[in-house]
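In: I'd like to go over a predicted model; first the sequence, then the structure.
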Amino acid sequence: MKKFRFIIILAVFILSVSACKKEDDNNDEQAAIDKALIEAYISDNQLNAQSTASGLYYVIRESGNDEHPTVYSTITVAYKGYLLNGEVFDEDLAFIYNLSKLIQGWKEGIPLIGKGGKIKLMVPSALGYGSQAQNGIPANSVLVFDITLYNFTN
């Protein structure tokens, strides 16, 4: 009986490790696809972009002042969000929200500018909505945002 229980536990463990490895492989594969798509977009649009360690690409159009928000700030921004093909999926001229509740790409990108700053973010799918389709945004989509930071409060 102990031997049977050990075999069952071992089988569950092996299946769990195998499933995690497949998920990691899929994530790495998607990250490579996203990177290639973003780099092609940057080249096609002749952008002088920088990137973070997480894979977020950005272009600071205007740095704004010396006051920068934190991930815990409530931000007031104007933004336009679109896919790499130029299809606009959302825009707002006076969006107010807590940055900590937004996608990871915004959490990393918006603190790079100060009040009055403007930034273009090219967000790989892992820092956006990932493999989940969202309000007309297909799964695994790279997202592009043009953002103006009007104000923030901590």
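Out: Happy to help now that I have it.
In: where does this protein have low pLDDT?
Out: The chain contains residues with pLDDT under 70 at 1-25.
In: strands of that one, start to end?
Out: 50-51, 57-62, 74-83, 88-98, 118-123, 143-153 (DSSP state E).
In: quick one, the second one and strand 143-153 angle?
Out: It stands for strand 57-62. Strand 57-62 runs at 50 degrees relative to strand 143-153, counting by axes from the mean of the first three to the mean of the last three C-alpha atoms, to 10 degrees.
In: what's the neighbour count on Tyr79?
Out: 19 (other C-beta atoms under 10 Å). Heads up, the C-betas are built off the backbone N, CA and C, glycines and all.
In: who are the contact partners of the nearest residue to it once chain neighbours are set aside?
Out: Leaving aside its sequence neighbours, Tyr79 sits nearest to Ile147 (C-beta to C-beta, 6 or more residues apart in numbering; 4.6 Å). By C-beta atoms under 8 Å, 6 or more residues apart in numbering, Ile147 lies in contact with 77-79, 106, 109-110, 118-121.
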